[in-house]
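> Model the following, please.
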Amino acid sequence: MKLKILFFVLGVLAGFGIAYPNYEIPISVGVGILFGIVTVGIVWGSEFIMNSFSPKAILGGAIGMGAAALSFFALTEVLGILSIPENILPYISAAFFFLLFHIGIRIGVNKGSEAEESGRKYSSKGGVEAKILDTSVIIDGRIADVAEAGFVTGPLIVPKFIIKELQHIADSSEPIKRVRGRRGLDVLKRMQKDIPNVSIKITSQDFPEVKEADLKLVELAAKLKGLIITNDYNLNKVAGLQNVKVLNLNQLSNALKPVVLPGETMNIHVVKEGKENNQGVGYLEDGTMVVVDDAKRHLGNKIDVSVTSVLQTPTGRMIFSKVKDDNKRMSSNFNA
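The predicted model follows:
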């Protein structure tokens, strides 16, 4: 926004400077404002176009424009030597001008895109794959521990629109959201400075026509031929529909949980009532929920339970059990 304001001011000054020698001040001011609006429009359109192309494609287009300009000047000299009627020469020059610039820009952009694509193929062959972090996995914070342990290495890409979303959450009027947003920013800062296995790369690539941040992530991952690291189940499904690879941190966490088989015994602290009649609920150290039948009367106590079944859900794992021996009463937490 600041850049657009600067260009608007420069456009106004330029328009006023051009018009003032020939027109009165009110007209010159009007021309200046018109120049400013046109300048901002050109800047906005240029940004929109540049966001649709890779940096190498834009560089290729600029080189193509330079080559087209040189070719046009050389062609102008040649046309001046030829015996072409003066009333026709401007039209021929204009036609060649647009033709050369069209060819130069088209070839430059195509060659830049080909170079970008070749670079991606080379990177994928070398084992380097773009890893893009989403908002939920940054706020969650476990990605920093995984990276510190060496299970995730190399550059991790964080789009600017994700950082903007984190800042918006951190500035929220709701205390819980504010804490979550600030935690996410702290996690990024920690990964930038304290974890040598990874490097945080900020990218300004955006998709203005796409409103949802999750959909922008999917578009970016598809464009970079990379993958998304998340713990958002819905984003996982959306990315899968578009054939974008996802590393779900919750799935990794579930895979690392100890295997529990029916018939095994465990000691559970019954912390609350279950949904069904007389059920009790406890938790393992890794956060896995354990539902215990007929354990409502043991609320607040630690008891031995026998596993009856294990249910794996998309969001985690649930263990169902029953009280192992009602004749043995376990001591309460206060006595423990």
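
> Sheet partners, orientation included, of the helix or strand containing residue 318?
Under the criterion of DSSP states H and E, residue 318 resides in strand 316-323. Sheet pairing of strand 316-323 (DSSP bridges) gives strand 289-293 (parallel), strand 302-313 (antiparallel).

> Look up phi and psi at residue 208.
Reported as degrees, to the nearest 10, the phi and psi values for residue 208 are phi -60, psi -30.

> And for it, the neighbour number?
Using other CB atoms under 10 Å, residue 208 is surrounded by 11 other residues. Where C-beta positions appear, they are placed from N, C-alpha and C, glycine not excepted.

> Figure out how far the one helix or strand residue 187 maps to is from the centre of its chain.
In this assignment (DSSP H and E), residue 187 forms part of helix 175-193. Centroid separation between helix 175-193 and its chain, computed with CA atoms, centre = their mean, to the nearest Å, is 16 Å.

> can you list the residues that contact that helix?
By CB atoms under 8 Å, 6 or more residues apart in numbering, the list of residues contacting helix 175-193 from outside reads 135, 138-139, 141, 143-144, 147, 156, 158, 163, 166-172, 198-200.

> switch to 6 Å and redo it
For helix 175-193, contacts defined as CB atoms under 6 Å, 6 or more residues apart in numbering pick out 138-139, 141, 144, 166, 169-170, 172, 198, 200.

> Tell me if I'm right that residue 143 and residue 137 touch.
Yes. In terms of CB atoms under 6 Å, residue 143 counts as a neighbour of residue 137; the distance is 5.1 Å.

> the more surrounded of these two?
residue 143 (28 against 25).

> quick one, phi/psi of that one?
According to degrees, to the nearest 10, residue 143 has phi -60, psi -30.

> Sketch out the strands for the stretch 151-300 of the chain, chain order is fine.
Remark: strands assigned in the stretch 151-300 of the chain by DSSP state E, counting those that start in this stretch are 154-159, 198-203, 227-230, 245-248, 265-269, 272-273, 280-283, 289-293.

> Determine how far the last residue of stretch 146-166 lies from the first.
Taking CA to CA, to the nearest Å, stretch 146-166 runs 21 Å from one end to the other.

> Report the distance from it to the chain centre.
Taking CA atoms, centre = their mean, the mean C-alpha location of stretch 146-166 is offset from the chain mean by 10 Å.

> what comes up buried for it?
146-148, 152, 156-159, 161-163, 165-166 (16 or more other CB atoms under 10 Å).

> ok, back up a step: Serialize the strands of the stretch 151-300 of the chain to a markdown table and add fields for distance to residue 324 and mean pLDDT.
Putting the strands of the stretch 151-300 of the chain into a markdown table (distance: least, CB to CB, whole Å; pLDDT from 0 to 100) gives the following:
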| stretch | distance to residue 324 | mean pLDDT |
| --- | --- | --- |
| strand 154-159 | 46 | 90 |
| strand 198-203 | 45 | 89 |
| strand 227-230 | 39 | 93 |
| strand 245-248 | 34 | 91 |
| strand 265-269 | 6 | 91 |
| strand 272-273 | 19 | 90 |
| strand 280-283 | 13 | 92 |
| strand 289-293 | 10 | 92 |
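
> a markdown table for the ones you listed, including distance to residue 38?
Shown next, in a markdown table, are these (distance: least, CB to CB, whole Å):
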| stretch | distance to residue 38 |
| --- | --- |
| strand 154-159 | 31 |
| strand 198-203 | 30 |
| strand 227-230 | 40 |
| strand 245-248 | 44 |
| strand 265-269 | 70 |
| strand 272-273 | 66 |
| strand 280-283 | 64 |
| strand 289-293 | 62 |
